[in-house]
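Asker: Predicted coordinates and the sequence they were generated for:
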Amino acid sequence: MSATSTPRLTPATLALLLIPPLMWAGNAVVGRLMQGVVPPVTLNFLRWVLALLMLLPLAGWVLRPGSGLWPHWRRFALLGLLGVGMYNSLQYMALKTSTPLNVTLVASSIPVWMLIMGRVLYGVPISRRAALGAFMSLCGVVVVIARGDLAGLASVQLVPGDLLVLLAALAWAWYSWLLARPPANEPAAIKADWAAFLLAQVVFGLAWSSVFTASEWLTLPALPAGESAIQWGWPLVAGLLFVAVGPSLLAYRSWGAAVARVGPATASVFSNLTPLFAALMSATLLREPPQAYHLAGFVLIVGGILVASRR
């Protein structure tokens with residue numbers, strides 16, 4: 001595809017572009033539904049255990065000694081920490097006190113944090129247009145966190161979820177830069193195989209996640225005799241299957257295929273549908289209808305990203 005051609009949105013391509021934001025929105029809603037069913041960090045750990053089991057038949061070869069993974073274990077350990085161990089753990093923790101719409105709206109500002117992090121860590125210059133777009137998006141984040149009460153912003157009581165999802169956004173922004181700046185000697189066979197590349201991260205990510213999960217269980221409040229912090233049953237099984245298959249594998253594969261077809265600029269526009277899908281799901285499944293400030297925040301965040309990414 002040339003730099004000047006416009007990618008054609010066939011039905012198959014459109015499906016590939018719509019699946020990731022739909023899965024990401026569903027991940028936030030299911031994470032909210034799982035509150036009280038399973039501790040949030042444990043949910044993330046169980047999710048990636050199931051994903052690992054599904055990836056092994058597809059790319060188990062990457063774990064062999066001669067695959068090229070182990071000489072680069074430090075890079076994949078960092079990717080696993082940020083993308084597997086931290087990002088979704090922080091999101092699930094945020095959903096204890098924040099709504100799926102709030103979480104997905106604040107998370108949609110990740111391109112702005114990528115701009116800022118690129119300037120700070122990699123010396124990538126920020127143009128005036130990009131700076132304007134970043135300012136607009138950050139204003140949208142402030143509107144969402146303040147629940148639209150800008151006049152009383154100084155006295156706004158932030159819920160822990162607002163800060164946790166900001167930390168998650170920063171973790172994913174750094175993760176994205178690490179993906180965009182791979183070392184020259186990264187194994188080509190691993191990079192070319194989506195399942196192998198993901199499995200290499202999941203193995204190390206699960207090691208980090210096991211540490212975080214153990215810490216979570218050490219800090220859980222004592223429960224009465226006969227009660228468990230995990231409510232085993234079909235709701236938990238269904239939730240785990242969804243987050244393991246949908247957001248972990250299906251969205252990851254669809255996103256990679258969509259970017260290859262239409263490029264990252266067009267794909268990033270579709271990713272901004274995540275808060276919209278989250279609003280529809282929250283209103284239907286959680287009885288949490290969107291408020292006027294959600295719309296204002298959505299317009300500012302997405303508008304800022306479009307301004308910043310415009311050529």
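Answerer: Yep, it's here.
Asker: When you work out contacts or count neighbours from here on, use the C-alpha atoms and nothing else.
Answerer: Fine.
Asker: Three-state assignment for the residue sitting furthest away from the middle of the chain, please.
Answerer: In terms of distance from the mean C-alpha position of the chain, residue 225 ranks first, at 36.6 Å (CA atoms, centre = their mean). Assigned by DSSP: H, G, I helix; E, B strand; the rest coil, the conformation of residue 225 is coil.
Asker: which residues touch it?
Answerer: With contact set as CA atoms under 8 Å, 6 or more residues apart in numbering, residue 225 has no partners.
Asker: before we move on, what about the one 5 residues further on?
Answerer: Residue 230 is in contact with 36-39, counting by CA under 8 Å, 6+ apart.
Asker: For it, give me the pLDDT.
Answerer: At residue 230, the model reports a pLDDT of 92.
Asker: helix or strand for it, which one?
Answerer: Residue 230 is part of no helix or strand when elements are defined by DSSP states H and E.
Asker: Identify the residues contacting the helix or strand containing residue 131?
Answerer: Following DSSP H and E, the helix or strand that holds residue 131 is helix 128-145. Residues outside helix 128-145 that contact it (CA under 8 Å, 6+ apart) are 102, 105-106, 109, 112, 115, 149-150, 158, 162, 293-294, 296-309.
Asker: Out of the helices and strands in the chain, which is least certain?
Answerer: helix 264-271 (a mean of 69; mean pLDDT, DSSP states H and E).
Asker: Now the element after it, going C-ward?
Answerer: helix 274-281.
Asker: then that following helix to PDB, C-alphas only?
Answerer: Extracted in PDB, the C-alpha atoms of helix 274-281 (Å, rounded to 0.1, in the frame of the first residue of the first chain):
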ATOM      1  CA  THR A 274     -13.700   1.400  22.800                       C
ATOM      2  CA  PRO A 275     -15.300   4.000  25.100                       C
ATOM      3  CA  LEU A 276     -18.400   4.100  22.900                       C
ATOM      4  CA  PHE A 277     -18.800   0.300  23.100                       C
ATOM      5  CA  ALA A 278     -18.100   0.400  26.800                       C
ATOM      6  CA  ALA A 279     -20.800   3.000  27.300                       C
ATOM      7  CA  LEU A 280     -23.300   0.800  25.400                       C
ATOM      8  CA  MET A 281     -22.400  -2.300  27.300                       C
END
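Asker: for the helix or strand following that helix, packing partners?
Answerer: The C-terminal neighbour of helix 274-281 among helices and strands, as given by DSSP H and E, is helix 292-309. Applying 3 or more CA pairs under 8 Å, 6 or more residues apart in numbering; DSSP states H and E, one finds that helix 292-309 contacts helix 100-107, helix 128-145.
Asker: Who are the packing partners of the helix or strand following the shortest one?
Answerer: Following helix 100-107 in sequence order, the next helix or strand is helix 110-122 (DSSP H and E). With contacts defined as 3+ CA pairs under 8 Å, 6+ apart, the packing partners of helix 110-122 are helix 128-145, helix 160-180.
Asker: Let me have those helices in TSV, adding distance to residue 209 and mean neighbour count as columns.
Answerer: Below are the helices and strands packed on helix 110-122 laid out as TSV (distance: least, CA to CA, whole Å; neighbours: other CA atoms under 10 Å):
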stretch	distance to residue 209	mean neighbour count
helix 128-145	28	22
helix 160-180	15	20
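Asker: If you average pLDDT over each of the ones you listed, which is lowest?
Answerer: Of all these, helix 128-145 carries the lowest average pLDDT, namely a mean of 76.
Asker: who touches residue 59 in this structure?
Answerer: 195-196, 199.
Asker: Relative to residue 216, how far out is it?
Answerer: Applying CA to CA, to the nearest Å, one obtains 31 Å for the distance of residue 59 from residue 216.
Asker: can you check residue 60 too?
Answerer: Residue 60 sits 30 Å away from residue 216 when distances are taken as CA to CA.
Asker: next one: residue 71
Answerer: Where residue 216 is concerned, residue 71 sits at a distance of 32 Å (CA to CA).
Asker: Ok, residue 225 next?
Answerer: 19 Å.
Asker: next one: residue 223
Answerer: Residue 223 is 14 Å from residue 216, where distance means CA to CA.
Asker: Look at those two and report which has more neighbours.
Answerer: Taking other CA atoms under 10 Å, residue 223 and residue 216 do not tie; residue 216 has more neighbours (14 against 9).
Asker: quick one: low-confidence ranges for this protein?
Answerer: Residues of the chain meeting the criterion pLDDT under 70: 1-8, 145-158, 264-266, 268-269, 308-311.
Asker: Just give me the longest helix of it.
Answerer: The longest helix of the chain (DSSP state H) is helix 194-219.
Asker: how about it: buried residues?
Answerer: Buried residues in helix 194-219, counted by 16 or more other CA atoms under 10 Å: 194-210, 212-213.
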